[in-house]
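In: My questions concern the predicted model and sequence given below.
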Amino acid sequence: MGKIIYLDNAATTKVDKDVLKAMLPYFTEKYGNASSLHSKGQESKKAMEEARKTIAESINARPEEIIFTSGGTESDNLAIKGLALAYPEKRHIITSKIEHPAILETCEEMQKKGYEVSYIGVDKEGIISPHDIEKAIQQDTLVVSVMHVNNEIGTIQPIENIAALCRKHNVFFHTDAVQSLGKLEIDAKKKNIDLLSASAHKINGPKGIGFLYVRNGIKIKPIISGGGHEFGKRSGTENVAGIVGMAKAVEMANEKIMKNQKRIKKMRDMLLNEILEIKGARLNGSKEKRACNNINVSFDGIEGESLLMLLDKAGIAVSTGSACSSQKLEPSHVLKAIGLSDM
Ligand SMILES: Cc1ncc(COP(=O)(O)O)c(C=O)c1O
């Protein structure tokens, strides 16, 4: 394969060489089980706890509020199902129409179990109104789950305002921050976030590792049973290499992406302005409230998938929607939610 221009970093990123370097010893000489009491095990445990501290500090949380998981999908599942199991009297969930399938499919599963779910719409820029969320809150609402940044159109949601409303009404607030970790500042305490999902592979970390932040005092029941790892909230031998890699990736993203947002935005807008010169090209989502790394455009008269294949032939990798749903060849639920037609 020749040189490719990879523009699909919202789907996944390349593991950074320093991240890989930090991980390698935990596959080879430092292979102890972090739950073993001997020194080889304790060596792994120490690395894992240091990583937990780094990750916690990056979102202004405490180490014991971080539960390691296999990624964003599991964190989203654990947030919703774990809360539902812990607070069975609350039978209503609020989310948005533009969430990732990890939340939408989980909510559909909950509906099949008898839960009521309110799916809140967005405006034509893809922004959710906190007022609409507040209107949907009921006596038995368990949780409001609204993503921080959308994975397709990059819109940044007013999660701070939504979280404040949830706190006022005594409802838990969860945010899927898979697309914002390392790109936007996240202060879990200041923003009143109760639960937050994240994943390493979107920020040059390895695939198959993520975390769920659960604010102290909030109960969740495990959805994976076993040896009681991760404070009894997520069993399974810890993925120490992945955890160490994720902490390194978080550190690097804070340095390289977060502090360079202005420069990245400038480059993004240069590319965007060139693309918008093409007749029939339109930007989807908000121009202002948009993550620095995202462009989503529609072109009149050409099918997204055909364009994707043509660009691939030219050595440019892009997506027409969420990587998880791209095989379904259905129009994006996010683009439909902002009012675009199928054609
Ligand atoms: C917003 C969002 N949530 C959840 C996920 C799932 O994360 P993971 O791939 O780590 O399971 C993704 C990644 O595709 C995402 O973009």
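Out: Nice, thanks for sending it over.

In: Phi, psi for L283 please.
Out: The phi/psi pair for L283 (degrees, to the nearest 10) reads phi -80, psi 130.

In: close enough to count as contact, it and N273?
Out: No - judged on C-beta atoms under 8 Å, L283 makes no contact with N273 at a distance of 10.1 Å. (Each C-beta comes from the backbone N, C-alpha and C, glycine too.)

In: pretty sure E105 is in a strand, no?
Out: No - per DSSP: H, G, I helix; E, B strand; the rest coil, E105 lies outside any strand segment and is helix.

In: Roughly how far does it sit from T95?
Out: 11 Å (C-beta to C-beta, to the nearest Å).

In: One more: K53?
Out: Distance from K53 to T95, by C-beta to C-beta: 31 Å.

In: the more surrounded of these two?
Out: T95 (26 against 14; other C-beta atoms under 10 Å).

In: and the more buried one, what element?
Out: strand 92-96 (DSSP states H and E).

In: list the helices and strands that strand packs on?
Out: Other helices and strands packing on strand 92-96, by 3 or more C-beta pairs under 8 Å, 6 or more residues apart in numbering; DSSP states H and E, are helix 101-112, strand 116-120, strand 141-145.

In: Mean neighbour count, these: which tops it?
Out: Mean neighbour count (mean count of other C-beta atoms under 10 Å) peaks for strand 141-145 among the helices and strands packed on strand 92-96, with a mean of 24.

In: near the ligand at all, the helix or strand following it?
Out: Beyond strand 141-145 on the C-terminal side, the first helix or strand identified by DSSP H and E is helix 159-168. No - using C-beta under 6 Å from any ligand atom, we find that helix 159-168 stays clear of the ligand, coming within 12.9 Å at best.

In: strand partners of the following helix or strand past helix 159-168, parallel vs antiparallel please.
Out: Going down the chain from helix 159-168, the next helix or strand is strand 172-176, by DSSP H and E. Looking at strand 172-176 with DSSP bridges, its partner strands are strand 141-145 (parallel), strand 195-199 (parallel).

In: In CSV: the ones you listed, plus distance to the ligand and mean pLDDT.
Out: Converted to CSV, the strands paired with strand 172-176 look like this (distance: least, C-beta to the nearest ligand atom, whole Å; pLDDT from 0 to 100):
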stretch, distance to the ligand, mean pLDDT
strand 141-145, 11, 98
strand 195-199, 3, 98
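
In: what residues does the strand holding T95 touch?
Out: The contact list for strand 92-96 (C-beta atoms under 8 Å, 6 or more residues apart in numbering) reads 80, 84, 103-104, 107, 110, 115-122, 128, 133, 136-138, 140-147, 157, 171.

In: Just grab the bridge partners of the closest residue to the ligand within the stretch 201-343 of the chain for me.
Out: Closest to the ligand within the stretch 201-343 of the chain is G210: 5.1 Å, counting by C-beta to the nearest ligand atom. Going by DSSP bridges, G210 is paired in beta bridges with T69, S199.

In: Looks like it contacts D76 (just checking).
Out: No - contact criterion C-beta under 8 Å: G210 and D76 do not qualify, at 9.4 Å.

In: Check the contact lists of those two and give me the overlap.
Out: Shared contacts of G210 and D76, defined by C-beta under 8 Å, 6+ apart, are found at S197.

In: picking that back up, tabulate the strands paired with strand 172-176 (TSV), appending distance to R167.
Out: Output for those, formatted as TSV (distance: least, C-beta to C-beta, whole Å):
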stretch	distance to R167
strand 141-145	10
strand 195-199	13
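
In: for A247, what are its contacts?
Out: Neighbours of A247 in contact, by C-beta under 8 Å, 6+ apart: 22, 50-52, 54-55.

In: Could you look up the SS state of it?
Out: helix.

In: Can you check the pLDDT for it?
Out: pLDDT for A247: 98.

In: Not counting its neighbours along the chain, what's nearest it?
Out: A51 (3.5 Å; C-beta to C-beta, 6 or more residues apart in numbering).

In: Ok, I162 next?
Out: P130 (4.9 Å).

In: again with K207
Out: H201 (4.2 Å).

In: Wait, a strand at the one you found?
Out: No - assigned with three-state DSSP, H201 falls outside any strand and is helix.

In: Name all residues that make contact with it.
Out: Neighbouring residues of H201 by C-beta under 8 Å, 6+ apart: 12-13, 71, 207-209.

In: Just those residues: which are in strands?
Out: Among the contacts of H201, no member falls in strands (criterion: DSSP state E).

In: Just the buried ones out of the residues you listed, please.
Out: Among those, those scoring as buried are 13, 71, 207, 209 (criterion: 16 or more other C-beta atoms under 10 Å).

In: wouldn't the last one be in contact with K248 here?
Out: Translated: I209. No - in this structure I209 lies outside contact range of K248 using C-beta under 8 Å: 11.5 Å.
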